[in-house]
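J.: show me the folded form of this:
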Amino acid sequence: MIETRKPHLEILDSILKCCRELNGSNIVVFEILINAYKKKGFSTRLLGNRLELFWKVYNGMLEAKVDPNVYTYTNLINAHCKVGNVKDGKGLLFDMEEKGCSPSLVTYNVVIAGFCRAGAVDEAFELKKSMVDKGLAPDNYTYATLIDGLCKQKKSKEAKLLLEEMCSIGLKPDHIAYTALINGFLKQGDITEAFQVKEEMLANGIKLNVFTFNTLIQRLCKVGDMEKVKALFSEMIEMGIKPDTQTYTCLMDGYYKEQNMVKAFELLIEMKNKNLAPTVYTYGVVINGLCRCGDLNGQIECFKRWFSGF
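T.: You can find the predicted model right below:
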């Protein structure tokens with residue numbers, strides 16, 4: 001009998017041992033184990049230990065003479081990619097093909113995302129080509145991942161062409177792809193192009209969300225264009241999109257930078273009245289803002305009154 005007072009992962013390990021030793025285990029049993037490891041191991045162990053957990057299941061399947069399926073391989077590949085072992089993940093993708101298990105679109109997307117996170121966008125595109133050659137059509141996630149990868153490499157113009165390609169094959173870009181492109185242009189200092197993408201997004205019936213607005217507001221505050229920020233904030237409210245903590249933090253940062261302490265404090269009070277909890281970054285913005293002002297004692301008193309309300 002398994003002692004139920006043991007930690008969850010020890011219980012799972014005991015079940016896995018039984019599966020290896022007993023005849024009759026099938027793929028369903030191991031899929032249940034994988035799900036259990038994901039629910040317990042992912043939240044309580046470091047990333048490196050996730051990989052170890054999935055290798056335990058994989059090796060247990062081999063010992064029990066159960067062929068791993070696409071679900072097993074995809075989870076193992078994903079674990080490799082999450083810890084930065086993208087080349088090993090790609091190697092497993094080829095291994096599974098050699099063993100007669102065809103990778104799914106999800107499997108390819110996992111590795112493509114891994115390469116994009118690692119900054120190896122060219123390899124991600126090679127994998128996309130390989131996927132298409134094998135009859136798998138890229139989906140919204142594939143394109144959004146590649147667009148984000150290109151933007152992080154400061155290749156926003158190429159990313160926009162990719163978005164156009166996406167539309168040409170009948171896919172409809174969502175707010176994730178558009179926001180990644182907007183963020184890419186903003187980081188390259190091309191505010192005009194970023195706003196053009198925003199307008200294109202609206203023209204195509206894609207609703208802006210708080211994340212898209214925050215992306216625009218944050219960058220504009222950094223460059224000190226508070227007039228555009230005010231217009232965006234008004235547009236956000238008119239659309240019925242509720243500002244969150246990040247929105248207010250960015251706005252306060254912008255107003256502090258232009259020495260508008262009154263407006264920054266008004267936003268602090270508004271944030272408090274809306275029961276939006278400040279983050280560590282919020283406190284940092286407020287403290288830095290107070291340090292910039294002349295009447296430090298007066299501002300600190302205001303800060304104390306604000307702080308006591310949370």
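
J.: give me the number of residues near residue 177?
T.: 26 (other C-beta atoms under 10 Å). Bear in mind the C-beta positions are built from the backbone N, C-alpha and C, glycine included.

J.: in space, what's closest to it - neighbours in sequence excluded?
T.: Closest residue in space to residue 177, ignoring its immediate chain neighbours: residue 144 at 4.1 Å, by C-beta to C-beta, 6 or more residues apart in numbering.

J.: the one you found touches residue 173, doesn't it?
T.: Yes - counting by C-beta atoms under 8 Å, residue 144 does reach residue 173; the two are 7.4 Å apart.

J.: quick one on the thing from earlier: CA-only coordinates of the helix or strand hosting the residue nearest to residue 177, as PDB, when you get a sec.
T.: Assigned by DSSP states H and E, residue 144 belongs to helix 140-152. In PDB, the C-alpha atoms belonging to helix 140-152 read as follows (Å, rounded to 0.1, in the frame of the first residue of the first chain):
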ATOM      1  CA  ASN A 140      -1.900  31.400 -35.300                       C
ATOM      2  CA  TYR A 141       0.400  30.400 -32.500                       C
ATOM      3  CA  THR A 142       3.200  29.500 -35.000                       C
ATOM      4  CA  TYR A 143       3.000  32.900 -36.700                       C
ATOM      5  CA  ALA A 144       2.600  34.900 -33.500                       C
ATOM      6  CA  THR A 145       5.600  33.100 -32.000                       C
ATOM      7  CA  LEU A 146       7.800  33.900 -35.100                       C
ATOM      8  CA  ILE A 147       6.600  37.500 -35.200                       C
ATOM      9  CA  ASP A 148       7.500  38.000 -31.600                       C
ATOM     10  CA  GLY A 149      10.900  36.300 -32.200                       C
ATOM     11  CA  LEU A 150      11.600  38.600 -35.100                       C
ATOM     12  CA  CYS A 151      10.600  41.700 -33.200                       C
ATOM     13  CA  LYS A 152      12.900  40.700 -30.300                       C
END
